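[1] coords below, sequence missing:
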């Protein structure tokens, strides 16, 4: 076998292994995003944002959410903390919101903080003690 053939074969093997690694890594990342976006915490965050009166005043009725939910969900000994970032598409504009939640002793997720940045770069609190409303599921903390 010539040196040229050996180099071509090794190159093909390296490219094939690289593609396999990229596919597996991409699958793991896609699964992580899918799991986070379809978690119970994400459902609670979306319900909160969909029903938040302050958010409705600013962007209109919530039409949809972006397909990628980022952030973190940590559960240890039945207690959990989650901080999720969601793209919220309203009737008038689209914003990026952050919803922080807690879960104690395996109970439902409860919103502890929620906000978004407006066009001026100001952080707008969506969970003030004065206008927070409790859903029938009891998912708001304040």
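    Here it is on my side, so go on. Everything numeric in this text was worked out from a predicted model, so none of it was measured. Numbers count the residues shown, from 1 in each chain.
[2] Show me where this protein has its helices.
    3-37, 40-51, 53-59 (DSSP state H).
[3] Comparing those, which comes out most buried?
    helix 40-51 (a mean of 20; mean count of other Cβ atoms under 10 Å). Every C-beta, even on glycine, is put in place using the N, C-alpha and C of the backbone.
[4] orientation of that helix relative to helix 3-37 in degrees?
    Using axes from the mean of the first three to the mean of the last three Cα atoms, to 10 degrees, the inter-axis angle of helix 40-51 relative to helix 3-37 is 60 degrees.
[5] For helix 40-51, which helices and strands make contact with it?
    On a contact count with 3 or more Cβ pairs under 8 Å, 6 or more residues apart in numbering; DSSP states H and E, helix 40-51 meets strand 62-65, strand 79-90, strand 94-103, strand 110-117.
[6] hmm, back to that, in TSV, list the helices of the chain along with mean pLDDT and distance to residue 102.
    What follows is the helices of the chain, written out as TSV (pLDDT from 0 to 100; distance: least, Cβ to Cβ, whole Å):
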stretch	mean pLDDT	distance to residue 102
helix 3-37	90	17
helix 40-51	94	10
helix 53-59	92	21
